Structure formats: C-alpha cells, structure tokens
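[1] Fold the following and give me the result.
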Amino acid sequence: MKHSQNYIKEGEVMKKIILDGSQMTSIKDTHKYIKIQLNFPSYYGENLDALWDILSTISDPTCITLINNDALDENLGIYAKLLIEVFCDAAKENKKVHFLI
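    The predicted model follows:
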C-alpha cells in the first residue's frame with residue numbers, strides 16, 4: 001500500500017474519502033466522480049491541472065483512499081497513472097492531504 005507521510009495536529013478531525021476505481025470508467029466520468037466525492041466547487045475544471053490546484057489548497061485534514069485501482073488502470077490506461085501521480089504529488093505538497101492506495 002502506498003501512502004503519504006503527512007501528519008495532523010492532535011485534536012484535528014480528518015475527513016475520510018474513498019475513491020472507487022471501478023466507478024471511474026472514462027476521463028470525463030472520473031473527474032465528475034472525483035468532483036462529487038470530494039465536494040469540489042462548481043468551477044472545478046475537470047482536468048489534471050484543476051485537480052492539482054484544488055488538492056494543493058485543501059485546508060482541512062483529508063485522507064483520500066483509492067480502492068479498486070486495478071479497475072482504474074483497466075478503464076483509463078496511462079491516464080490512471082497520471083491521475084494517481086497528481087494525488088501523490090499533491091499529498092507531498094499539501095500536508096493536510098493524505099493519499100492511500
């Protein structure tokens with residue numbers, strides 16, 4: 001299991017979000033699904049750059065867990081790897097975001 005090494009302060013409550021790779025069947029559907037699951041604002045651009053922008057500015061402790069990543073790979077091919085890379089990079093940049101696979 002891959003995961004980020006971020007920590008939260010004592011007393012902080014961490015929001016937990018599960019992303020199911022089997023629900024991400026196309027690039028368009030993936031971004032709509034992520035937008036709903038993470039409660040992104042209406043202006044979310046539904047692309048990898050917009051995903052990075054929002055993840056890197058999350059201010060509440062948030063743990064995002066990806067399940068069924070094999071289905072994600074099968075559905076999206078190389079785009080799945082790029083998507084996961086954005087989540088991992090954002091978690092490195094933003095200490096409030098944790099990403100687990």
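[2] What helix or strand is the residue nearest the centre of the chain located in?
    By Cα atoms, centre = their mean, the mean C-alpha position of the chain lies nearest to Phe87, the distance being 4.8 Å. Using DSSP states H and E, Phe87 sits in helix 78-93.
[3] buried ones in that helix?
    79-80, 83-84, 86-88, 90-91 (16 or more other Cβ atoms under 10 Å). Heads up, the C-betas are built off the backbone N, CA and C, glycines and all.
[4] Same check on stretch 34-46?
    For stretch 34-46, the buried set under the neighbour-count rule, 16+ other Cβ under 10 Å, comprises 34-35, 38, 40, 44.
[5] Kindly report the same for stretch 17-31.
    19, 21, 23-24, 27, 30-31.
[6] what is the orientation angle of the helix or strand harbouring His31 with helix 78-93?
    Element membership for His31 (DSSP H and E) is helix 27-37. Angle of helix 27-37 versus helix 78-93, following axes from the mean of the first three to the mean of the last three Cα atoms, to 10 degrees, is 30 degrees.
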